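**Student:** With the sequence up front, the predicted model follows.
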Amino acid sequence: MAADYRQTASWLRERLPLVPQAGVILGTGLNDLADHLEILFKMPYSEIPGFASSTAPSHKGNLILGKLGGVPILCLQGRFHFYEGYPMSTVVFPVRVIACLGVGTLIVTNASGSLREQYAPGSIIQLNDHINHMGTNPLIGHNDETLGERFPSLNDVYDREYLEICRQIAAELKIDLPQGTYIAVTGPSLETKAECAAFAGWGADLVGMSTVPEVIAARHAGMRVLALSVVTNYSNLFHDLEHSQEEIRQNANLAAENLRSLLAGFLRKLAKA
Ligand code: HPA
């Protein structure tokens with residue numbers, strides 16, 4: 001039988017040298033953040049009970065405990081996407097493990113396509129809301145009452161205080177950090193022009209294939225969430241250009257340095273709070 005997230009959390013607690021301040025999911029092209037950590041513990045997903053292994057291009061599969069800005073964080077270097085064929089329970093398993101470790105903050109990063117002309121590739125956007133267009137929900141099925149309630153509210157799903165802290169840090173660092181709404185699709189095919197036009201009309205600013213399941217699972221388990229998205233390409237709404245995997249990686253790398261500074265600043269403030 002697959003390991004339960006609670007068992008995995010107990011198993012990890014015996015191996016981790018300390019309880020981290022926050023969990024961080026590193027998305028496409030942002031895996032390099034791990035190279036800038038003072039690493040205290042690193043383990044491939046394949047050695048952790050209950051973790052699947054990540055198959056997406058440019059996604060590594062490691063759990064890393066390290067310090068950024070002097071603050072200990074537990075990083076998921078590589079995530080499980082629904083489009084890879086994993087059930088939602090597998091996609092959100094690592095988040096639930098982190099919640100069961102007693103970590104109260106989840107920072108989610110991702111790569112997205114832009115539905116707004118002003119959000120050019122290379123921009124970093126703070127998510128202030130989302131639209132779940134994946135046609136499913138990670139909370140469907142038996143509800144683990146000890147983890148969270150049956151019908152959790154998603155009002156202010158992205159923590160207001162965290163949004164404000166990040167806004168202030170961005171201003172101090174002179175990094176442009178607009179806010180936006182993210183729509184999650186399953187992929188793996190990219191969106192048509194008509195879909196992009198519809199999503200923009202619904203109020204979405206960014207489109208991507210991740211994040212929303214993990215954020216729902218985190219909120220269900222009572223974690224506070226900050227999400228930062230790196231725009232890697234314009235959606236089909238603006239260009240007929242095909243976006244290669246290489247192009248997506250290059251744009252994500254452009255923003256990586258700013259993202260690192262923002263995260264370090266945010267973590268320092270969080271640790272002081
Ligand atoms: N669409 C969906 N997911 C994405 C995109 C996109 O244009 N860019 C990066 N992730």
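**Tutor:** Nice, I can see it. Residues are numbered from 1 along each chain as shown.
**Student:** Straight-line length of stretch 12-21, end to end?
**Tutor:** 15 Å (C-alpha to C-alpha, to the nearest Å).
**Student:** Mind listing what's buried along it?
**Tutor:** Applying a neighbour-count criterion of 16 or more other C-beta atoms under 10 Å, one finds L12, L16, P20, Q21 buried in stretch 12-21. Quick note: C-beta positions are derived from backbone N, CA and C, even for glycine.
**Student:** Serialize these to JSON lines and add fields for secondary structure, distance to D144 and pLDDT.
**Tutor:** Compiled in JSON lines, these are given as follows (DSSP: H, G, I helix; E, B strand; the rest coil; distance: C-beta to C-beta, whole Å; pLDDT from 0 to 100):
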{"residue": "L12", "secondary structure": "helix", "distance to D144": "18", "pLDDT": "96"}
{"residue": "L16", "secondary structure": "coil", "distance to D144": "22", "pLDDT": "94"}
{"residue": "P20", "secondary structure": "coil", "distance to D144": "22", "pLDDT": "95"}
{"residue": "Q21", "secondary structure": "coil", "distance to D144": "25", "pLDDT": "94"}
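**Student:** what's the closest of the residues you listed to the ligand?
**Tutor:** Of all these, P20 has the smallest distance to the ligand: 27.1 Å, by C-beta to the nearest ligand atom.
**Student:** Once you drop chain neighbours, what's closest to that closest one?
**Tutor:** L74 (4.1 Å; C-beta to C-beta, 6 or more residues apart in numbering).
**Student:** Who does that neighbour form a beta bridge with?
**Tutor:** G23, L65 (DSSP bridges).
**Student:** count of neighbours near whichever residue of the stretch 101-250 of the chain sits closest to the ligand?
**Tutor:** Across the stretch 101-250 of the chain, no residue is closer to the ligand than G113, which sits at 2.1 Å (C-beta to the nearest ligand atom). The tally of other residues near G113 (other C-beta atoms under 10 Å) stands at 27.
**Student:** repeat for the one 4 residues further on
**Tutor:** Neighbourhood size, E117 [other C-beta under 10 Å]: 9.
**Student:** ok, it to V207 distance?
**Tutor:** Per C-beta to C-beta, to the nearest Å, E117 is found 14 Å from V207.
**Student:** for C75, same thing?
**Tutor:** Relative to V207, and taking C-beta to C-beta, C75 is found at 25 Å.
**Student:** Tell me which residue is most central in the protein.
**Tutor:** Residue closest to the average C-alpha location in the chain (C-alpha atoms, centre = their mean): V108, at 2.6 Å.
**Student:** Confirm for me that that residue is in contact with I25.
**Tutor:** Yes: applying C-beta atoms under 8 Å, one finds V108 in contact with I25, separated by 4.8 Å.
**Student:** any residues in contact with both of the two?
**Tutor:** Both V108 and I25 are in contact with E214, where contact means C-beta atoms under 8 Å, 6 or more residues apart in numbering.
**Student:** Then G265 would be within a helix, right?
**Tutor:** Yes: counting by DSSP: H, G, I helix; E, B strand; the rest coil, G265 falls inside a helix.
**Student:** Show the average pLDDT along stretch 181-189.
**Tutor:** Averaging pLDDT along stretch 181-189 yields 97.
**Student:** Same question for that stretch: list its buried residues.
**Tutor:** For stretch 181-189, a neighbour-count test (16+ other C-beta under 10 Å) marks T181, Y182, I183, A184, V185, G187 as buried.
**Student:** Within range of the ligand, give me the residues from the chain.
**Tutor:** Residues of the chain that fall close to the ligand, judged by C-beta under 6 Å from any ligand atom: 111-113, 187, 190-191, 207-209, 232-233, 235, 248.
**Student:** Just the closest of those residues to P94, please.
**Tutor:** Closest approach between the residues of the chain next to the ligand and P94, by C-beta to C-beta: M209, at 16.8 Å.
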